[in-house]
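[1] Any chance you could fold what I've pasted below:
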Amino acid sequence: MNQLRSDYWAALESRDRAAALTIVKAEHEAGRTATELIDELVVPAQARIGELWLSGLWSVEQEHEATAINEGLVHWLGSFAPEPDPDRPTVVVACVETERHSLPALVIAEGLGWAGFRVSYLGGDPDPDHLVREVLLTRPHAVLFSASLTSSLAPQKRVFAELRSMGIPVVVGGSAFGGDPARAAALGATAYAADLAEAIDVLEQLPGRLEQVPVPDRTPGDVEGEWLVEQRHVLVEGVVARLLDRMGHADRRLQPVWWPDLVGHVDHVVGCLAASVVTGDETIVIEVRDWLTQVVEARGGERAVVGDVWSLLAVPLRGHPLSRLHLAAGAPAAAESSQKGSTSSAVP
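    Modelled structure (predicted):
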């Protein structure tokens, strides 16, 4: 990764959109390409934003404001892309459903546009029906999905299978996939691409149309994963309510400062558990427990809170053996490596 540039970071840190744009404009006029500017300015800065949120030094609001500046600048750079080559194929680029961290998908979409592809960009958390209509309308060469949060992965196996059943390749990328093709393959994706260059290589090598693959039968992991997704809200509410009782903070004025965010954090844990069960990848649960430990401790909480979350979540999982097995796989890891964190989860 390129070194964080101090003047650009200063503009983001103060949420000064005009100053950030001035820097990018000057570099662009000096001959720097859009891809170079994104790699040298946007990507390192976005990584730093995530680190500051994870460490508790930045709020979600600060992260969102700085990220919005980065996204706006990527859009601005994309306006200089040449007209798409009419002989090049159309590709659809989107985040997976429920994934709102759209900057990585935007970078890929604009990068493919600069490479001459015709791109239909659907952004973050696309409506499933809209996605299907777009696919049927454009009959794309491939659909590219981006996922930053591992907790968003479990429902995607069905989506990928439906696209593959139409003979449309599915290419995936993003930190949620853990940096290698294993999780992508477990979800039925055609290919995994770590960055823009790999995505272009994959698209260049794909045939015009793949063989239609029948939607596979549901596995026991799929069944339990679907149950976890369907019951996610109920499970989270139950864990948080029982944790509140256990902590003895009936008076909300006495709750710790990190409490308001705990619902979202527990929701992320349940989503990651579902992803672990569906993909058969127990490291997802290990990663998210290390992540939750780091988040809680960085905000003044005690590590014991994480153990409480785990024990309370295990109770409603009775009768769901795979879920309990995967949850238990994460239990010993946090005590041994609570400071490690998770790159696939280290975002608000």
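
[2] okay, CA-based contacts and neighbour counts for the rest of this
    Fine.

[3] And what about the spatially most central residue of the chain, helix, strand or coil?
    Of all residues in the chain, the one closest to the mean position by C-alpha atoms, centre = their mean is Ser148, 1.5 Å from it. The three-state label for Ser148, taken from DSSP: H, G, I helix; E, B strand; the rest coil, comes out as coil.

[4] is it true that it touches Gly179?
    No - at 11.2 Å, Ser148 does not count as touching Gly179 under the criterion of C-alpha atoms under 8 Å.

[5] re the thing from before, for Glu97, see how far away the residue nearest to the centre of the chain is.
    Distance from Ser148 to Glu97, counting by C-alpha to C-alpha, to the nearest Å: 11 Å.

[6] next one: Leu136
    18 Å.

[7] Poorly predicted segments of this structure, please.
    The model of the chain has pLDDT under 70 over residues 1, 248-259, 332-348.

[8] Please, where are all the strands along the protein?
    Remark: strands of the chain, listed N- to C-terminal, are 90-95, 118-123, 142-146, 170-173, 191-192; assignment by DSSP state E.

[9] Tell me which other helices or strands the second one touches.
    Other helices and strands packing on strand 118-123, by 3 or more C-alpha pairs under 8 Å, 6 or more residues apart in numbering; DSSP states H and E, are strand 90-95, helix 103-114.

[10] how far out from the middle of the chain is that strand?
    In this view, strand 118-123 has its centroid 18 Å away from the chain centroid, taken as C-alpha atoms, centre = their mean, to the nearest Å.

[11] contacts for that strand?
    Taking contacts as C-alpha atoms under 8 Å, 6 or more residues apart in numbering, the residues outside strand 118-123 that touch it are 84-86, 88-95, 102, 105-106, 109, 112-113, 131.

[12] Report the buried members of the residues you listed.
    84, 89-95, 102, 105-106, 109, 112-113, 131 (16 or more other C-alpha atoms under 10 Å).

[13] Please identify which of those is nearest to Leu163.
    Distances from the buried ones among the contacts of strand 118-123 to Leu163 were compared by C-alpha to C-alpha; the smallest belongs to Leu131, at 10.3 Å.

[14] nearest residue to that closest one other than its sequence neighbours?
    The shortest distance from Leu131 to any non-neighbouring residue, by C-alpha to C-alpha, 6 or more residues apart in numbering, is to Leu122 (7.7 Å).

[15] Can you report how many residues lie near that neighbour?
    Other residues within reach of Leu122 by the criterion other C-alpha atoms under 10 Å amount to 20.

[16] How much space separates it from Glu302?
    Counting by C-alpha to C-alpha, the separation of Leu122 from Glu302 is 40 Å.

[17] got it, and Tyr121?
    The value you get for Tyr121 to Glu302, if C-alpha to C-alpha is used, is 42 Å.

[18] For those two, indicate the residue with more neighbours.
    Under the criterion of other C-alpha under 10 Å, the comparison of Tyr121 against Glu302 puts Tyr121 first, with 18 against 13.

[19] Provide a list of residues in contact with the closest residue to that one other than its chain neighbours.
    Excluding the flanking residues, the one nearest Tyr121 by C-alpha to C-alpha, 6+ apart is Val93, at 4.9 Å. Applying C-alpha under 8 Å, 6+ apart, we find Val93 in contact with Ala105, Ile108, Ala109, Val119, Ser120, Tyr121, Leu122, Gly123, Val143, Leu144, Phe145, Ser146.

[20] Distance-wise, check the closest residue to the fourth one other than its chain neighbours relative to Pro126.
    Think Val119. Beyond its immediate neighbours in the sequence, the residue positioned closest to Val119 (C-alpha to C-alpha, 6+ apart) is Val91, lying 5.1 Å away. According to C-alpha to C-alpha, Val91 and Pro126 sit 15 Å apart.
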